[in-house]
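Asker: Quick check, what structure comes out for this input:
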Amino acid sequence: MESGDVLNEYYNELTNTERTFAQTFLESINHCTERLMNLFDQLITTDDVILGTVAEEKLPTTVLLKRELRAKQGDQASQPGLSREGQPIKLLRLADIAVERTASSKSEHFKTSKFTPVHEEALSSMNKVCEEYKERFGVVMSELENLSSKWTASEEKWKKQWLSSVQHVRNLYKPNNIS
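Answerer: Numbering: from 1, shown residues only. Have a look, this model is predicted:
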């Protein structure tokens, strides 16, 4: 087996190991996100509450004004920005970071029974983690590619130097060079 073949085999093993790590990581993220979404589905939200009909109680005007004032003060103290509007969410797929699919990979999509700001935040975090990992994976794969190129160039240079040295020694021992 030539050293070039060994270098190629080693490079292939390194890239396969990185792809395996990436696939395992993404399957883990998908599983955790799906489990988290299912847990969030079980939480009771204000949308789940069915309002009953209660006879309206007549209260004095002063009590009603005090309640309205407290409600306004409470609204100002509450946190702004909890929007119920969703954003387009792209679920993780193993192909997103150039990892080959395997027969053992699970479904890339799952369905939740409701969509709340907590669901949205979990999906947003999952997508952020995926993008960060995608960048890291690209850097690692390009570093491996560069290393492989350097190893191959170094191997070729060494071969040329070795052949040159062998030829030089042969030239020294040719019969017309011996005195």
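Asker: Quick one: low-confidence residue ranges for the chain.
Answerer: When residues are selected by pLDDT under 70, those of the chain lie in 1, 3-4, 74-110, 177-179.
Asker: Let me see the ranges of the helices in it.
Answerer: 3-41, 61-77, 117-172 (DSSP state H).
Asker: Can you give me the buried ones in the first one?
Answerer: Neighbour-count burial for helix 3-41, counted by 16 or more other Cβ atoms under 10 Å, picks out 7, 11, 14, 18-19, 22-23, 25-27, 29-30, 33-34, 36-37, 40. Glycine gets a C-beta too; all of them are placed from N, C-alpha and C.
Asker: a markdown table please, covering the helices of the chain and showing distance to Leu51.
Answerer: Listed next are the helices of the chain as a markdown table, based on distance: least, Cβ to Cβ, whole Å:
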| stretch | distance to Leu51 |
| --- | --- |
| helix 3-41 | 21 |
| helix 61-77 | 17 |
| helix 117-172 | 21 |
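Asker: Ok, which of those comes nearest Thr53?
Answerer: With Cβ to Cβ as the measure, helix 61-77 is the member of the helices of the chain nearest Thr53 (20.0 Å).
Asker: Put the alpha carbons of the closest one into CSV.
Answerer: Extracted C-alpha coordinates of helix 61-77, given in CSV (Å, rounded to 0.1, in the frame of the first residue of the first chain):
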residue,chain,number,x,y,z
THR,A,61,-68.4,53.0,40.3
THR,A,62,-65.5,53.7,42.7
VAL,A,63,-64.6,49.9,42.8
LEU,A,64,-64.8,49.7,39.0
LEU,A,65,-62.5,52.8,38.6
LYS,A,66,-60.0,51.4,41.1
ARG,A,67,-59.9,48.1,39.2
GLU,A,68,-59.4,49.8,35.9
LEU,A,69,-56.6,52.0,37.4
ARG,A,70,-54.9,48.8,38.8
ALA,A,71,-55.2,47.1,35.5
LYS,A,72,-53.6,50.0,33.6
GLN,A,73,-50.7,50.1,36.1
GLY,A,74,-50.3,46.3,35.8
ASP,A,75,-50.1,46.6,32.0
GLN,A,76,-47.4,49.2,32.2
ALA,A,77,-45.4,47.0,34.5
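Asker: before we move on, the earlier item: ok, which of the helices of the chain comes nearest Val54?
Answerer: helix 61-77 (15.7 Å).
Asker: quick one, which of the helices of the chain is nearest to Gly52?
Answerer: Nearest of the helices of the chain (Cβ to Cβ): helix 61-77, 19.8 Å.
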